[in-house]
Structures are given as C-alpha cells and as structure tokens.
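> Next input, structure requested:
(one chain, ligands or ions: 2)
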Amino acid sequence: LPYCSVTVIAEKFSPDTTGDGAAGILLAKEFPDIPIERQRRWFKETFDHLLAIADSPQAADAGVYLSSGYHVFKEIPCEKKPYWSDFVFGFRYMTDHEMKRFPNHKFGQAFTTLKCECLSYLPWLEKRFRAVGGQIIYEKVTDLHKLAQNYDAILNCSGLGSRFLVKDEEVYPVRGQMLKISAPWLKNFVRDGDGLTYIYPGIRYVNIGGTRQADDWRMEVDKEDSKGILERCCQLEPSLRASQVMGEWVGLRPTRANPRVEREYLHVQGRQVPLVHNYGHGSCGVTLSWGTALDTLDLLRQSLSEKPPQARL
Ligand SMILES: Cc1cc2nc3c(=O)[nH]c(=O)nc-3n(C[C@H](O)[C@H](O)[C@H](O)COP(=O)(O)OP(=O)(O)OC[C@H]3O[C@@H](n4cnc5c(N)ncnc54)[C@H](O)[C@@H]3O)c2cc1C
Ligand SMILES: O=C(O)CCC(=O)C(=O)O
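Numbering: from 1, shown residues only. Ligands and ions are numbered 1, 2, ... in the order given. Predicted structure coming up:
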C-alpha cells in the first residue's frame, strides 16, 4: 500500500515488548488448524526476508544473522522432520559421533537457521518507519470503534492485549523466564525436545531457558525458576558451570491454539472500516513475523478493494 499514511499506536515500544527479550531464533511448532501450506509460506517468507538482511551491510544494525546448532531429543519424536526443514540450511539428523556429546539423548537434528534479535531489530525497523514518514503514538487503545472514527483501516497486532481489546478469550499467556549469561565461548545453540530447556548464543549474551507456564501472568522473576533453568542448562552444556549470570527476564507469550490472521469490518458512523487481526503467535512471533504481516497486508488490500474508504465525518 504505497499511497497511505501509517500510524503505529502502542502502549509499549522497544525495549519493553515481548519480542525484546525473545531469543529470536527461527524455528516453529505446527499449529493444528492452519493449512500447512499457509504455515510453510509464513515461515519461508520470514526466513527469506531476514536472510536478505543477514546478507546485507545492514545485518549488524538490524541484529539478524545465521545461527547453527542442535535440536536433541530424549525420545525419538513422531515427526522427525519439521515442516520448515527445507527452508533452513543444511537440515540433517545428527551422527552417532555428535550424539556422544548428549549422552541422555537418543536423536538429534542439526541445522543452520536465523536469529533475529529484537533488541536491535525493533529500533532498526522503527528508524526506517519514521524515515519514510510513519507516525508513532504512545497510547493504550481501549476502544477500536472510537479509534476507527479517525482512520480508514485498522490492523490489530496487540498480542496478548487482544484478550481485552477485542475480548478474545482464546489468547492467553504462556510465561517464559530466561537468563542472560556471559559465556562467549559458546557459538552453537542447543534445544532440548519440546523446548523447555535451551541455550541460544547471541550478540550481547547467551539466552538460556526456560519455562512455559500457561495462564501465568506473573512478570516478576521467580528465583526457583532461575535455579531450575541453570541446573537443566548446565546438564545439557556442562561448560556453562563456569559462566556468569548477567540478568534475568520474563515475558508472556501471546498464545492461541492458532494465530488469528483474519479480517472483519467495524461499523462506525455509517462507514465500514476494515479491521485486520494479526496476533496470537505464541513462541513463534519472530519466526512468522514477516510472513503473517504479508498475509495481513493482503487481507487489508482485499477489504479496501471490496469497500473503498468512505469520507469521514
Ligand atoms: C522467553 C521467550 C522467548 C521467546 N523466544 C522466541 C524465539 O526464539 N523465536 C520466536 O519466534 N519467538 C520467540 N518468542 C515469542 C515472541 O516473543 C512473541 O511471539 C512475539 O514477541 C509476539 O509479538 P507481538 O508483537 O504479537 O506481541 P508483543 O511483542 O507482546 O507486542 C504487543 C504490542 O501491543 C501493544 N498493545 C497491547 N495491547 C494494547 C492496547 N490495548 N493499546 C495499545 N497497545 C497495546 C503492546 O504495548 C506491545 O507494543 C519468545 C517469547 C518469550 C516469552
Ligand atoms: O521454542 C524455542 O526454542 C524458541 C522460542 C523460545 O525460545 C521460547 O518461546 O522460549
């Protein structure tokens, strides 16, 4: 939509969003009710878009780069090859020789994916957005109908906030705590099974985690959780016993059985204002960011061509 002016309204911006603490690794779980072709597209479009950034001179400012590592399993998973295995680089099963490093595990996958560190990426996006005339407003939105009085279309990307803003009780928090560790010798990521325990080396620190506590709204650090994370991660990567903890962080994943990427209209003062939703990505919000955004834009185009904007009062 090249000929429109865009305003981003949010209560919180970087560094205070969920993405700012996320490891930002690109890997995804499969959602049950979204056609797999659509999920493949979401992954591939995000991967290809971020890969072009990683391959450009912008990579350092944007905080996007390739990251290699292992996904190890204590039991052989039913699905040995995830749907996105063709999009990352060099996906293969680990050799017996490699598996010797993980004596408690039976099976492993090795691959190179991307890591998009939102602490760099979000300010980089915001700078680009402002440079082309985008407007930014710090504000909590409580009523979309009221907002629609002043705009021709609305995109709702409010994550967990959608539980209140559009009264969607299907979106709920899955609390994630992680530690920021200084261990510069670690270069490869290691993820265990369903992702309760992981080690993701990054630019500023190594993210180690984690927890996945459904319906838990606590934003405070839980010292017992931190202890458990450190113990589990040291078991997976014994060299971590020599590392320093630099910080702790908690985020609430905006979780939904399936992300909501769909459109409707708001009826406001005789006008039908397109409203397109894009939220509920759970633990895959960075991974599917560009792909779901492109779908959102397509849905908006459809709505605007069906019902072109009418004059506002
Ligand atoms: C510990 C942890 C690790 C993670 N690691 C990864 C990872 O490695 N890879 C990956 O892909 N994903 C990861 N994630 C998931 C990822 O962080 C989320 O999926 C993603 O940040 C969701 O983005 P979002 O923009 O939808 O929501 P958010 O980042 O939560 O942003 C929502 C925005 O909406 C605003 N908002 C909400 N309600 C209102 C309102 N009423 N009015 C105004 N503004 C409002 C908020 O202020 C905020 O700006 C991780 C998450 C956690 C917690
Ligand atoms: O599941 C993963 O390993 C990536 C996402 C993540 O780190 C998390 O949600 O805690």
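> Please count neighbours and contacts with C-alpha atoms only from this point.
Will do.
> Excluding chain neighbours, give the residue nearest to Leu275 in space.
Once flanking residues are discounted, Leu275 sits nearest to Ile154: 4.8 Å by Cα to Cα, 6 or more residues apart in numbering.
> ok, Pro103 - how many residues close by?
Around Pro103 sit 9 other residues, with neighbours defined as other Cα atoms under 10 Å.
> what's the answer for the one 10 residues further on, then?
Taking other Cα under 10 Å as the criterion, the count of residues near Thr113 is 21.
> And it, how far from ligand 1?
Taking Cα to the nearest ligand atom, to the nearest Å as the measure, Thr113 and ligand 1 are separated by 11 Å.
> other SSEs contacting the helix or strand where that residue lies?
With secondary structure defined by DSSP states H and E, Thr113 is part of strand 107-116. For strand 107-116, the contact count by 3 or more Cα pairs under 8 Å, 6 or more residues apart in numbering; DSSP states H and E identifies helix 36-54, strand 64-73, strand 89-93 as packing neighbours.
> sorry, back to before: now do the contacts for the residue nearest to Leu275.
Listed by Cα atoms under 8 Å, 6 or more residues apart in numbering, the contact set of Ile154 reads Ala148, Val273, Pro274, Leu275, Val276.
> out of these, which is most surrounded?
Within the contacts of Ile154, neighbour counts (other Cα under 10 Å) peak at Pro274, which reaches 27 neighbours.
> Regarding it, what is its secondary structure?
Reducing the assignment at Pro274 to three states with DSSP: H, G, I helix; E, B strand; the rest coil gives strand.
> was I right about it contacting Asp152?
Yes - contact between Pro274 and Asp152 holds when scored by Cα atoms under 8 Å: they sit 7.4 Å apart.
> next helix or strand past the strand holding Thr113?
Read in the C-terminal direction, the helix or strand following strand 107-116 is helix 118-131, with elements assigned using DSSP H and E.
> and the following helix or strand past that following helix, which strands flank it?
Remark: after helix 118-131, the chain's next helix or strand is strand 135-138, criterion DSSP H and E. Based on DSSP bridges, the pairing partners of strand 135-138 within the sheet are strand 7-10 (parallel).
> list the buried ones in the strand it pairs with?
Buried positions in strand 7-10, judged by neighbour count with 16 or more other Cα atoms under 10 Å: Val8.
> which outside residues touch that strand?
Identification of contacts with strand 7-10 by Cα under 8 Å, 6+ apart yields Gly134, Gln135, Ile136, Ile137, Tyr138, Glu139, Lys140, Val141, Ser158.
> Surely the second one and Glu126 touch.
No - shown here, Gln135 and Glu126 do not form a contact pair, counting by Cα under 8 Å, at 9.8 Å.
> any idea which of the contacts of Ile154 is closest to His105?
Within these, distances to His105 taken as Cα to Cα reach their minimum at Val276, with 43.5 Å.
> got a list of what the closest residue to that closest one other than its chain neighbours touches?
Once its chain neighbours are removed from consideration, Val276 has its nearest residue in Arg263; the separation is 4.3 Å (Cα to Cα, 6+ apart). Contacts for Arg263 (Cα under 8 Å, 6+ apart) come out as Pro274, Leu275, Val276, His277, Leu299, Leu300, Ser303.
> Low-confidence bits of the stretch 201-313 of the chain, can you list those?
For the stretch 201-313 of the chain, the stretches with pLDDT under 70 are 313.
> Looking at it, what residue ends up closest to ligand 2?
Of all residues in the stretch 201-313 of the chain, Ser283 sits closest to ligand 2, with a separation of 3.9 Å (Cα to the nearest ligand atom).
> measure that residue to Val261 for me?
Look at Ser283 and Val261: by Cα to Cα, to the nearest Å, they are 16 Å apart.
> Enumerate the residues of the protein near ligand 1.
Residues of the chain found near ligand 1 (Cα under 6 Å from any ligand atom) are 9-13, 17-19, 22-26, 139-142, 157-159, 161, 165, 176-178, 251-253, 279, 281-287.
> Need the buried ones from the residues you listed selected in PyMOL.
Under the burial definition 16+ other Cα under 10 Å, those of these that qualify are selected in PyMOL by:
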select buried, resi 13+17+18+19+22+23+24+25+26+157+158+159+161+165+176+177+178+251+252+253+279+281+282+283+284+285+286+287
